[in-house]
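**Student:** here is the input, now give the coordinates:
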Amino acid sequence: MYRVLLVQPERLFLTMFSRELRNNGYEVFAADNAEGAMDCVRAVQPEIVICNFWVRPSQNELAMIQAIREADADVPIVVVLREHVLACVAELMDNGASLVVARSLGGHQMAALVDRIAHALQKRRAIADSEAVEANVGVADAAWSPAFHVNAI
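**Tutor:** Alright, predicted model coming up:
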């Protein structure tokens, strides 16, 4: 299935979320800080990145998001925040986050979120494959426009 990088500063939750995602068939790589996350990005090139921050992200965490985005312009980077830190949403998006979820998630909810992202990635890949086939046979449909979209939880 998909390689998921889970960045969660609290070890207890990192273990819980990692276990839930593995139980749902994902290959999970976990990091409890920005440096560990960047090491993981370089080593395994994750296909989905989930950052679960309970407090306002630090400058290191913002730099991590920006560095991940620079390393892979297409990887979905989802930041999960508690509602009380919503003031930093624009800053997160400016630094490369694909989606910001403003709520606390339990293990099952985290797995459901990753499932939706994986489904969207499958659609995006199918569209890209279809476009490659169309380009090879000279068929083009100007109305066809791929987009990455994840429905709200």
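
**Student:** can you count the residues close to Ser18?
**Tutor:** Other residues near Ser18 come to 19 when the count uses other Cβ atoms under 10 Å. The way it works is simple: take the backbone N, C-alpha and C, and place the C-beta from them, glycine included.

**Student:** wait, a strand at it?
**Tutor:** No: Ser18 is assigned helix when assessed by DSSP: H, G, I helix; E, B strand; the rest coil, not a strand.

**Student:** distance of it relative to Met110?
**Tutor:** 10 Å (Cβ to Cβ, to the nearest Å).

**Student:** please enumerate the strands of this protein.
**Tutor:** Under the criterion DSSP state E, the chain contains strands at 3-7, 27-31, 48-53, 77-81, 99-102.

**Student:** to Cys88, which of those strands lies closest?
**Tutor:** Cys88 lies closest to strand 77-81 among these, at 7.5 Å (Cβ to Cβ).

**Student:** now that closest one - C-alpha only, PDB.
**Tutor:** Output in PDB follows, covering the C-alpha atoms of strand 77-81 (Å, rounded to 0.1, in the frame of the first residue of the first chain):
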ATOM      1  CA  ILE A  77       1.200  17.000   3.500                       C
ATOM      2  CA  VAL A  78      -1.700  17.100   5.900                       C
ATOM      3  CA  VAL A  79      -1.400  19.000   9.200                       C
ATOM      4  CA  VAL A  80      -3.800  18.100  12.000                       C
ATOM      5  CA  LEU A  81      -4.200  20.800  14.600                       C
END
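
**Student:** which other helices and strands contact it?
**Tutor:** Counting contacts by 3 or more Cβ pairs under 8 Å, 6 or more residues apart in numbering; DSSP states H and E, strand 77-81 packs against strand 48-53, helix 59-71, helix 89-94, strand 99-102, helix 107-137.

**Student:** for the fourth one, which helices and strands make contact with it?
**Tutor:** Here strand 99-102 is seen to pack against strand 77-81, helix 89-94 when contacts are counted using 3+ Cβ pairs under 8 Å, 6+ apart.

**Student:** and if you look at the first one?
**Tutor:** Applying 3+ Cβ pairs under 8 Å, 6+ apart, one finds that strand 48-53 contacts strand 3-7, helix 11-23, helix 34-44, helix 59-71, strand 77-81, helix 107-137.
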